[in-house]
Structures are given as C-alpha cells and as structure tokens.
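Turn this into a model:
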Amino acid sequence: MDEMVLTYRLARLNARYARSLADDRLEEWPGYFEDKCIYRVTTRENHTDGLAGSLIYASSKGMLEDRVQALREANIYERQGYRHLLGMPHIASDDGAVVKAETDFVVIRTMRTGQTDLFASGIYLDTVASTPTGELRLKERVVVCDSSRVDTLLAVPL
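Below is the predicted model of the structure:
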C-alpha cells in the first residue's frame, strides 16, 4: 500500500481511538482491536530493559470489554477527561499484511474540579492488520510512558 495512504489510515485510526476516549465512549474502545490482541501500558524503563511488567495488561478483546464494564459498574474513581495530542504515525515496517507503527502521544487530564494536568506522554508501539472489509484493527498496542512515575488514577485507557 502507498505509504502516504497508509500513514493517513493509521492517523485516522488513532484519531478515532482518541476521540472515543475523550468523549467517554469507552464501549467503542475494544472495537479498535482484533479479537486476539495485546494491550499493555508500561514504562520506558521497563520497555527498554525488556521487562514484562505492565500497569495495564489485556490479552484479548474480551479482557478490554471487561475493563470497560468494570470502569462503568464496579471501579470507584474520580471522574476525569482525557485529551490526546497525537504525532504523525511512523511506519516502522509493512509486509503487506501487518504494519508496525509508532506514534508519539501526550495525554492531558482534566478532573471534574477543572484542574488540568499533563497526565502522560510517550509512544504507541502498534501492530496493525487490515480486516476483510479493509478496516485497520490493532493486533497489539504497547503504550510506553516516558515517566516511571505513575498516577494512581490510571483508570481510563491511554
């Protein structure tokens, strides 16, 4: 596929993903992933050292759906909103079936009090495949946060 077209399609996937989270449409979030997938949030230090430790880990779309259900029905956390600022995706590799892409991100969090903070920054390390209908889906998203200092309110996905 043409690199410019693929870059646009990846940017569009990321924009829709971020918009779903920003608009509190968490039920849409698992739909960006394949049924058999990996979603991890880790620190740069763990990633660089090859450590498997994750702040959030899910190994299937069903686990992502369970996380959303828990956020809606079971977990107690202060309401907050996220705003993602996303870089242009960089295509690391494309074998025609699977794309490896990297996208820088910054997440700004606003609490119900109005307090706004830089919440997280880092890079998405994605493995993406195309469905039979041509839609892109995440096979794997490893969210590598720049800081090893993690807020205890990491409830909503990044």
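
mind checking how far the residue lying farthest from the centre of the chain is from Leu158?
What lies farthest from the middle of the chain is Thr113; by C-alpha atoms, centre = their mean that is 25.3 Å. Remark: distance between Thr113 and Leu158 (C-beta to C-beta, to the nearest Å) = 21 Å. No exception for glycine: its C-beta is placed from N, CA and C like everyone else's.

Give me the three-state assignment for the residue farthest from the centre of the chain.
coil (DSSP: H, G, I helix; E, B strand; the rest coil).

begin at 46 from here
Will do, 46 is the new start, and the previous item becomes Thr158.

What score does it have for pLDDT?
With respect to pLDDT, Thr158 has a value of 90.

before we move on, what about Leu198?
Taking Leu198 on its own, its pLDDT is 64.

again, but for Cys82
Looking at Cys82, its pLDDT is 98.

quick check, it in a strand?
Yes: remark: Cys82 belongs to a strand, assigned using three-state DSSP.

which ones are touching it?
Listed by C-beta atoms under 8 Å, 6 or more residues apart in numbering, the contact set of Cys82 reads Ala103, Ser104, Ser105, Lys106, Leu109, Arg182, Leu183, Lys184, Glu185, Arg186.

Return the members of the residues you listed classed as buried.
Among these, those classed as buried by 16 or more other C-beta atoms under 10 Å are Ala103, Ser105, Lys106, Leu109, Arg182, Leu183, Lys184, Glu185, Arg186.

Nearest to His129 among the contacts of Cys82?
Arg186 (13.0 Å; C-beta to C-beta).

Next up, the contacts around the closest one.
Arg186 sits in contact with Phe78, Cys82, Ile83, Tyr84, Arg85, Tyr169, Leu170, Asp171, Thr172, where contact means C-beta under 8 Å, 6+ apart.
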